[in-house]
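Participant: Coordinates for the following, if possible.
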Amino acid sequence: MLVTGAADPEFAAERAAQGRCEDSCNNAKTALTLLVLAVVALLVGWRVHEGIGKALGAFGLLLLLGYAFTWVGALIGLSVRTPEAATSGGLIWLFPVTFISNAFVDSSQMTPWLRHVADWNPFSATVQACRELFGNPGVSASTAWPGPWSIRSGPR
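Facilitator: A predicted model of the protein is given here:
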């Protein structure tokens, strides 16, 4: 008897291997993008002030954020019906998450309701943690959720 589909163990193993390969390829693309970004940043004058260990930790956080955002995109892609909707839906959520954060504007300069959204934004937490790990804390240290709970190595 020939069994096909999800009940077939060979099919399931093949799909699992394909998924691992796609994850590895996505992670490699993210790492390559991060490498190009870091090289260009170094060329224009950006410097790490806290040592190579903390810098590698910050790059690791950025890779984890990219991995998490990849899964958000996969969820959106699985929940829509057409490839066009998946393409546009995969980017529409990213703009508010990015711009309503402390990446571009200090959250203390925002209106109170927007500040609360920005302070609880996971993008803000990652940005603040990376700033501290790179030794570039920004304009002011945040006292909201991203500041005290961001990943730090060593005492302040």
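Participant: which SSE is the residue most central in space within the chain in?
Facilitator: Among the residues of the chain, the one closest to the centroid is residue 65, at 2.1 Å (CA atoms, centre = their mean). Using DSSP states H and E, residue 65 sits within helix 52-79.
Participant: quick one: average pLDDT of stretch 65-84?
Facilitator: Stretch 65-84 shows a mean pLDDT of 87.
Participant: who does the helix holding residue 65 touch, helix- and strand-wise?
Facilitator: helix 9-43, helix 83-92, helix 122-134 (3 or more CB pairs under 8 Å, 6 or more residues apart in numbering; DSSP states H and E). The C-beta positions use only the backbone N, C-alpha and C, and glycine is treated the same way.
Participant: would you list those in TSV and tack on distance to residue 50?
Facilitator: Listed next are the helices and strands packed on helix 52-79 as TSV, based on distance: least, CB to CB, whole Å:
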stretch	distance to residue 50
helix 9-43	15
helix 83-92	33
helix 122-134	6
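Participant: To residue 58, which of these lies closest?
Facilitator: Each of the helices and strands packed on helix 52-79 was scored for nearness to residue 58 using CB to CB, and the closest is helix 122-134 (3.8 Å).
Participant: Can you pull out the low-pLDDT segments for this protein?
Facilitator: 1-23, 138-156 (pLDDT under 70).
Participant: Please parse it into its domains.
Facilitator: 1-46, 47-156 (automatic domain parsing).
Participant: just the ones you listed: most buried one?
Facilitator: domain 47-156 (a mean of 15; mean count of other CB atoms under 10 Å).
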